[in-house]
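Undergrad: fold the following, please.
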Amino acid sequence: MTKPNFVQMSKEELIAYVKVNRTDDEAIRELFSVRRNPNSTIYPYIGDLPEEEQVQEMKKIEDEIRQKIDKQMTSKTINSINYQLWQAVPGEKDVFIHSWSGTKEEALKMFDAQMPGWRTQERFYMTENGQKVTP
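TA: Numbering: from 1, shown residues only. Predicted coordinates for the structure are as follows:
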């Protein structure tokens with residue numbers, strides 16, 4: 001089996017591939033090293049600092065990260081819709097497959113990458129903010 005060309009993949013396709021192929025070091029390297037955001041914050045190595053300064057630096061870094069996460073979650077919650085992919089299991093509780101917050105087009109693209117052919121199988125369905133919708 002030949003590997004896909006990671007350079008030609010979109011970032012979303014590469015993320016979906018890495019989620020399914022978590023041990024593919026080449027794909028992970030492409031995602032996290034080659035495609036790293038050049039504007040992202042680079043945190044300094046603090047291992048050589050005295051313990052008290054290490055604790056202070058770690059708290060500072062933790063606060064920065066929490067602020068970024070809070071900002072992203074707030075904007076994502078306000079500007080997006082939550083989509084989920086489910087598998088119906090007769091006689092049992094339905095099985096959650098994947099979730100995506102964003103546009104319906106983005107969700108469909110991600111679900112198609114995660115579960116190719118899911119749209120043609122009756123046992124799979126999609127929800128939008130908890131309500132079943134047609135893809």
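
Undergrad: next structured bit after the longest helix along the chain?
TA: Longest helix in the chain by number of residues (criterion: DSSP state H): helix 51-79. Taking DSSP states H and E as the definition, the helix or strand that follows helix 51-79 towards the C-terminus is strand 81-87.

Undergrad: for that following strand, which helices and strands make contact with it?
TA: With contacts defined as 3 or more C-beta pairs under 8 Å, 6 or more residues apart in numbering; DSSP states H and E, the packing partners of strand 81-87 are strand 95-102, helix 104-114, strand 124-128. Where C-beta positions appear, they are placed from N, C-alpha and C, glycine not excepted.

Undergrad: what residues are up against the residue most central in space within the chain?
TA: In the chain, the residue lying closest to the centroid (C-alpha atoms, centre = their mean) is Ile15, at 6.8 Å. In this structure, Ile15 makes contact with Leu31, judged by C-beta atoms under 8 Å, 6 or more residues apart in numbering.

Undergrad: break this structure down into its structural domains.
TA: Under the assignment automatic domain parsing, the domains of the chain span 1-40, 42-79, 81-133.

Undergrad: circling back: nearest to Ser10, of the helices and strands packed on strand 81-87?
TA: Distances from Ser10 to each of those were compared using C-beta to C-beta; the shortest belongs to helix 104-114, at 8.8 Å.

Undergrad: what packs against the helix or strand bottoming out on mean pLDDT in the chain?
TA: For the chain, counting by mean pLDDT, DSSP states H and E, helix 51-79 ranks last in confidence among helices and strands (a mean of 79). Taking 3+ C-beta pairs under 8 Å, 6+ apart as contact, the helices and strands that helix 51-79 lies on are strand 95-102.

Undergrad: what packs against the strand it packs on?
TA: Counting by 3+ C-beta pairs under 8 Å, 6+ apart, the packing neighbours recorded for strand 95-102 are helix 51-79, strand 81-87, helix 104-114.
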